[in-house]
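Student: quick one, structure for this:
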Amino acid sequence: MLDVLVIGAGPAGLFAADQLAAAGLRVQIIDRMPSPARKFLMAGRGGLNITHSEAPDAFVGRYREAAPFLAPMIEAFPPKALIDWCHGLGQETFVGSSGRVFPVAMKASPLLRALLRRLEGRGVTLQSRISLAGLAGANTAIVQTENGETSEITARAILLALGGASWPKLGSTAAWVPLLEKHGVQVNSFQPANCGFEIAWSPFLKDRFSGSPLKRIGLTLAEHRVLGEAILSEKGLEGGAVYALSAEIRDTVSRLGSAEFEIDLRPAMTAGQLADKLARPRGKQTWSTFLKKTLKLKPSEIALLHENGPLPADPSSLADRVKRVTLTSAAPYPIDRAISSAGGIALDEIDEALMLRKMPGVFAAGEMLDWEAPTGGYLLQACFATAHCAAAGIETYLKTATLDQKP
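Tutor: Next up is the predicted model:
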């Protein structure tokens with residue numbers, strides 16, 4: 001019999017398999033996709049951000065309501081441990097100017113190839129195109145091939161690492177939800193996280209400036225404020241600054257039906273400084289020319305100013321507009337366009353070792369669990385930390401089971 005069956009070949013599943021195999025356990029991985037870690041590879045296309053160099057307290061605080069749950073796991077497997085693990089696979093890292101940590105290769109593929117080679121060397125088998133169809137007790141998974149043929153795989157412990165509900169084309173379909181609910185496990189509804197938000201742009205802005213970046217802006221929702229960049233899209237607003245506030249915007253939409261937030265196009269300047277510049281004579285210049293020369297506003301930024309109505313002639317009022325372009329959204333982008341998801345297995349359904357309380361011997365890790373995090377390395381760090389916790393829990397569980405079986 002297998003010691004551990006890992007279901008899901010994303011970062012959490014692969015990492016846990018690596019830890020379990022290093023402990024001498026016989027491990028098999030199955031995954032429904034043709035190849036492993038497809039979402040991981042996609043996330044690394046623009047530069048794989050594996051973790052962050054932020055101070056521990058601030059780091060853990062990024063997980064919002066789930067911070068108390070994740071804190072001990074991240075303490076047990078902190079960013080330095082993840083960096084050392086990468087180095088152990090021959091993948092050197094560096095800290096970027098933003099504090100984010102990247103592999104020198106800047107891609108996910110070299111790290112993934114090194115990990116797969118090590119798993120193979122440790123005797124871990126990986127079977128693709130096999131889906132979880134059900135769980136028959138703590139030791140048996142019912143699996144299904146692409147042809148619809150079903151069979152059973154028995155193991156002393158099972159680790160579920162099936163991901164959340166974002167980017168379903170890459171494997172995270174949340175098809176596992178009813179399989180666990182059948183056993184009485186509570187799964188909180190999935191919602192988009194690190195996502196854009198729909199905005200009813202004017203036809204002029206939508207037609208002329210979709211895809212335009214907004215650089216070095218401030219974004220404010222109530223008492224929450226972030227600095228960063230965004231992108232005007234045909235559907236609305238997306239990009240790093242929006243993702244950083246996506247949980248707050250999404251929760252406001254859910255609670256009130258819509259969310260009103262503000263863009264500061266010149267966060268490095270005060271309203272008074274802007275007003276002084278705008279008090280200069282405009283002469284015969286058009287507003288666009290005047291704003292371009294005086295404040296170096298781009299055409300897309302000037303168009304954004306017009307979304308709040310005609311431009312005020314008074315310098316103070318116009319400066320206030322530049323500092324506070326008000327936008328309203330009634331919905332986030334659909335979850336299939338979100339970077340990650342919120343929701344998942346309710347945290348009181350699992351014990352401190354990440355074993356399902358209602359299904360002893362079955363563990364869960366990664367985005368299946370109900371936590372969320374902003375981009376910046378926090379997502380992957382938590383996936384690895386929960387996998388580390390689950391792997392340790394499985395080791396302890398199997399040792400205890402072995403002792404219990406001895407006469």
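
Student: where does pLDDT dip in the chain?
Tutor: Applying pLDDT under 70 to the chain flags residues 402-407.

Student: list the buried residues for the lengthiest strand in the chain?
Tutor: Secondary structure of the chain per DSSP state E: the longest strand is strand 150-160. The neighbour-count check on strand 150-160 (16 or more other Cβ atoms under 10 Å) flags 153, 155, 156, 157, 158, 159, 160 as buried. From N, CA and C alone the C-beta is placed, and that goes for glycine too.

Student: likewise stretch 53-68?
Tutor: Neighbour count says stretch 53-68 has 54, 59, 60, 62, 63, 66, 67 buried, by 16+ other Cβ under 10 Å.

Student: which residue lies nearest the spatial centre of the protein?
Tutor: Of all residues in the chain, the one closest to the mean position by Cα atoms, centre = their mean is residue 340, 3.8 Å from it.

Student: wait, it touches residue 376, no?
Tutor: No: here residue 340 does not reach residue 376: they are 11.7 Å apart, not a contact under Cβ atoms under 8 Å.

Student: now do the longest strand of the chain: distance to the chain's middle.
Tutor: 28 Å (Cα atoms, centre = their mean, to the nearest Å).

Student: parallel or antiparallel, list what pairs with that strand.
Tutor: strand 2-7 (parallel), strand 140-145 (antiparallel), strand 362-364 (parallel) (DSSP bridges).

Student: pull it out as CSV, backbone CA atoms only.
Tutor: The C-alpha coordinates for strand 150-160 follow below in CSV (Å, rounded to 0.1, in the frame of the first residue of the first chain):
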residue,chain,number,x,y,z
THR,A,150,-13.0,4.7,-12.5
SER,A,151,-10.8,2.9,-10.1
GLU,A,152,-9.6,3.1,-6.5
ILE,A,153,-6.2,4.1,-5.1
THR,A,154,-5.6,3.1,-1.5
ALA,A,155,-3.0,4.9,0.7
ARG,A,156,-2.3,5.1,4.4
ALA,A,157,-2.9,8.9,4.2
ILE,A,158,-4.3,11.2,1.5
LEU,A,159,-3.3,14.9,0.9
LEU,A,160,-5.7,17.1,-1.0
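
Student: run through who's touching that strand.
Tutor: 1-8, 13, 16, 28, 30, 132-133, 135-136, 138-144, 176, 361-365, 368, 390-391, 394, 397-398, 401 (Cβ atoms under 8 Å, 6 or more residues apart in numbering).

Student: which residue ranges of the stretch 1-150 of the chain form helices?
Tutor: 11-22, 38-43, 56-61, 67-76, 79-88, 109-121 (DSSP state H, counting those that start in this stretch).

Student: which one of those is the most hemmed in?
Tutor: Mean neighbour count (mean count of other Cβ atoms under 10 Å) peaks for helix 11-22 among these, with a mean of 26.

Student: same for it, what does it pack against?
Tutor: strand 2-7, strand 27-30, helix 109-121, helix 378-405 (3 or more Cβ pairs under 8 Å, 6 or more residues apart in numbering; DSSP states H and E).

Student: helix 378-405 and that helix, what's the angle between them?
Tutor: Angle of helix 11-22 versus helix 378-405, following axes from the mean of the first three to the mean of the last three Cα atoms, to 10 degrees, is 40 degrees.

Student: okay, the angle between helix 11-22 and helix 109-121?
Tutor: 40 degrees.

Student: dump helix 11-22 to CSV, keeping only the CA atoms.
Tutor: This file holds the C-alpha atoms of helix 11-22, laid out as CSV (Å, rounded to 0.1, in the frame of the first residue of the first chain):
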residue,chain,number,x,y,z
PRO,A,11,3.2,24.0,-5.7
ALA,A,12,1.6,22.7,-2.5
GLY,A,13,1.2,19.1,-3.6
LEU,A,14,4.6,18.9,-5.2
PHE,A,15,6.3,20.5,-2.2
ALA,A,16,4.5,18.2,0.3
ALA,A,17,5.5,15.2,-1.8
ASP,A,18,9.1,16.3,-1.7
GLN,A,19,9.0,16.6,2.1
LEU,A,20,7.3,13.3,2.5
ALA,A,21,9.6,11.4,0.2
ALA,A,22,12.6,12.9,2.0
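
Student: which other residues reach it?
Tutor: Contact with helix 11-22 is made by 3-4, 6-7, 27, 29, 31, 36-37, 40, 85, 112, 115-116, 118-119, 122-124, 159, 161, 365-367, 380, 383-384, 386-388, 390-392, 394-395, as judged by Cβ under 8 Å, 6+ apart.

Student: between helix 79-88 and it, find me the angle.
Tutor: For helix 11-22 against helix 79-88, the angle by the same axes, to 10 degrees is 70 degrees.

Student: tell me the gap between helix 11-22 and the middle of its chain.
Tutor: Taking mean C-alpha positions (Cα atoms, centre = their mean), helix 11-22 and its chain are 20 Å apart.

Student: what's the answer for stretch 36-44, then?
Tutor: Centroid displacement of stretch 36-44 relative to its chain, using Cα atoms, centre = their mean, is 12 Å.

Student: then stretch 262-279?
Tutor: Between the centre of stretch 262-279 and the centre of its chain there are 33 Å (Cα atoms, centre = their mean).

Student: rewinding a little: next SSE downstream of the longest strand of the chain?
Tutor: helix 177-181 (DSSP states H and E).
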